[in-house]
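[1] Sequence first, predicted coordinates after that:
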Amino acid sequence: MSETTNSPLPVKRVNLRTPDVMAAVQAQVETHYRSEVVERVRANGGVLSVGGVTVKLAKQFGFCYGVERAIDLAYAARKVFAEKRVFILGEIIHNPEVNRQIADMGIVNIVGPDRTAHVDGLTPDDVVIVPAFGTDVGTLAKLKQCGVQIVDTTCGDVMSVWKRVKQNASEDMTSIIHGKASHEETRATASHAVLGGKGHYLIVLTLADTDFVCDYIRRGGDAARRAEFLARFEGAMSEGFDPDKHLQRVGVANQTTMMRGETEEVQRRIMAAIKDRDAGTTTNYRFFDTICGATQERQDALKDMLGEKMNLLLVVGGYNSSNTSHLAEMGEAVLPTFFIRNAGKMESRERIVHFDQHKKAEVETANWLPPAPVVVGITAGASCPNNLIEDSIVRVFELYGIDRAQVLA
Ligand code: SF4
């Protein structure tokens, strides 16, 4: 067991991105995640037709810059610290295939089911990777106290949100965060919103949550309403949050991977409530749009594709991936949409197993694939590697009796 001191040990800095390390990493990443089929479809303008079966890919899909960087750094850490124990705080990204690869490389997750990082036993000889979502301030402090080598892969877009909420705290504004309270990124962001014990935060997920908050801003609350507020947002607000005090000055920010339209609506509704309360002024309101570029591009590309003629849409990715789930939501509003973790879920033309976000469980749909001629749209979230997208494309053709060789002919 490591002996920890009250003051953190100096942070060790190592440059992992040397040309030789990165060349080896790129080669390994390519072997794990590259796809010849996806490259073929891309080269063909995003469309591939064989024997009356057409597959269309959204213009933007799959790995984003933040995810690519996080994976590169994790692979580099494994190479550079080949003789050391390497750990990770939870999942590097929300994709089971990628996380399996990371585990197969001997990188061990130290976050338990209680969502706490178990640092007992870590020594200064160990290496800990912080995933792309970042981690909370308390966990980072514990790691520093252990003196471990930290490999921080936090995406720059996530750090931009932290900057915003820290600014809110320094100006005595409560951060209202549009996001999922249990998501790693939002938990990390929330920890920055109370940095130095000064600020407060409240996390809203739905428009119904937002309306509840807006009603409180406009009308305040009696004892019963206040109790209802505290019960509703239990686990989604800072310690000591008092709705009567801490909704006076608010700054809205969001998890980077939310649905753009919904985040804008949250901002609009809260601003309207503040204006109603404050005689038309917005001095006590601020917002920062912190949807990341990659999320936005994937949503925009899907929006464009949904305007084209398609029989159905496949959304490929991890079920706990926020940006992927929003793509599935967009598809569902327009046409039959199946959110699948991998190609194996397309069991036959007659049966597909897919994730139902409303039931939060996998469900089965029968006779999901119509006879040819057919157009199948495919998109994937920022955490989905190309090899999984390839498997899905190949599987669709296979279900019509067209094999991989014919697809690549
Ligand atoms: S989805 Fe956005 S915030 Fe998350 S890693 Fe990718 S670019 Fe960064």
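    Everything's here; your move.
[2] so how many other residues sit close to the residue of the chain found nearest the ligand?
    Relative to the ligand, the nearest point of the chain is residue 66 (2.5 Å; CB to the nearest ligand atom). For every residue, glycine as well, the C-beta is placed using N, CA and C. For residue 66, the neighbour count with other CB atoms under 10 Å is 24.
[3] In this model residue 160 seems to touch it, though I could be wrong.
    No: using CB atoms under 8 Å, residue 66 is not in contact with residue 160, being 11.3 Å away.
[4] right, and the secondary structure at the spatially most distant residue from the centre of the chain would be what?
    No residue in the chain sits farther from the centre than residue 279, which is 38.0 Å out by CA atoms, centre = their mean. Following DSSP: H, G, I helix; E, B strand; the rest coil, we place residue 279 in the coil state.
[5] where does it land on pLDDT?
    Predicted confidence (pLDDT) for residue 279: 97.
[6] cool, the one 3 residues further on as well?
    pLDDT recorded at residue 282 is 97.
[7] got it, and residue 292?
    On pLDDT, residue 292 comes in at 94.
[8] which residues touch it?
    64, 66, 155, 157, 158, 256, 257 (CB atoms under 8 Å, 6 or more residues apart in numbering).
[9] how close does the residue of the chain closest to the ligand get to residue 293?
    10 Å (CB to CB, to the nearest Å).
[10] what is in contact with these two at once?
    The contact lists of residue 66 and residue 293 share residue 157, where a contact means CB under 8 Å, 6+ apart.
[11] what comes up buried for stretch 222-232?
    Burial within stretch 222-232, assessed by neighbour count using 16 or more other CB atoms under 10 Å, is assigned to residue 229.
[12] Can you tell me what sits against that stretch?
    Against stretch 222-232 from outside (CB under 8 Å, 6+ apart): 209, 212, 216, 221, 241, 243, 244.
[13] Mind doing that once more with 10 Å?
    For stretch 222-232, the surrounding residues in contact (CB atoms under 10 Å, 6 or more residues apart in numbering) are 202, 204, 208-209, 212-213, 215-216, 219-221, 237, 241-244, 247.
[14] what's the answer for stretch 259-266, then?
    176-179, 204-207, 209-211, 213-214, 252-255, 258, 287, 289-291, 295-296, 299-300, 303, 322-323, 325-327, 329-330.
[15] residues touching the most centrally placed residue in the chain, list them.
    Taking CA atoms, centre = their mean, the centroid of the chain lies closest to residue 322, which sits 4.4 Å from it. Applying CB under 10 Å, 6+ apart, we find residue 322 in contact with 94, 133, 179-180, 183-186, 255-259, 295, 381-383.
[16] What of residue 129?
    70, 73-74, 77-78, 86-90, 92, 102, 107, 109, 149-153.
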